[in-house]
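Engineer: any chance you could fold what I've pasted below:
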Amino acid sequence: MLELAILGFLYDAPLHGYELRKRITALTGHVRPVAESTLYPAIKRLEKAGLLVRESQPGRAAAPRHVLSLTDAGRQDLLQRLAEPAQQDITDENRWFTVLAFLRHLPDAPARAAVLRRRLEFLEQPASFFYEGDRPLRAEELDDPYRRGILTIARATSKAELTWLRSRLQEDLPPRRGTPEE
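Structural biologist: I've put the predicted structure just below:
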């Protein structure tokens, strides 16, 4: 997800490494802190792959500053990652938020809708953090108030996301002419 975040932020504008790190930290740092020892190797991998370029500019002090920009290949790579996210990017909430943060870059509304539908289908499946055999347990079935709290919060979050997803899908893809919704 770090590479997706790098490509996503650079899609909008070239950035200095420090500014890029601040933006990624603001997006994902509460869950996964972004250390220089993680960020800069990822930048080098993307640069080596031809997805971004680094340009040195004079710094305020003696050290030069590096501005990072996407190449055309980097733009295409980002769009491909957004159009076809891995299943884990759909099912893991933190990875999903990173995809969602940059989904607007996909120029095609049906392609965006296809990604949103994958998340919607995932959320509509019965699930729980706690099971009895293969059966997911509901909050009302738990005696432990803390576990019940986890499920209550998760249910509220999922309900809000489902409402948003359905609304967004209706806005992105209005009914076709001649359909019953018309």
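
Engineer: what are the boundaries of the helices in the chain?
Structural biologist: Along the chain, the segments classed as helices by DSSP state H run 2-12, 17-28, 36-48, 72-83, 87-91, 93-102, 109-124, 145-172.

Engineer: what comes up buried for the third one?
Structural biologist: What that stands for is helix 36-48. For helix 36-48, burial by neighbour count (16 or more other C-beta atoms under 10 Å) applies to 39, 43, 46. Every residue, glycine included, has its C-beta placed from N, CA and C.

Engineer: and of these, the nearest to residue 144?
Structural biologist: Comparing the buried residues of helix 36-48 against residue 144 with C-beta to C-beta places residue 39 closest, at 39.4 Å.

Engineer: quick one: that closest one from residue 9, how far?
Structural biologist: 11 Å (C-beta to C-beta, to the nearest Å).

Engineer: then residue 47?
Structural biologist: For residue 47 relative to residue 9 (C-beta to C-beta), the value is 15 Å.

Engineer: do the same with residue 98
Structural biologist: Residue 98 is 11 Å from residue 9, by C-beta to C-beta.

Engineer: ok so, going back, hey, what's in contact with both of residue 39 and residue 9?
Structural biologist: Applying C-beta atoms under 8 Å, 6 or more residues apart in numbering, one finds that residue 39 and residue 9 are jointly contacted by 20, 24.
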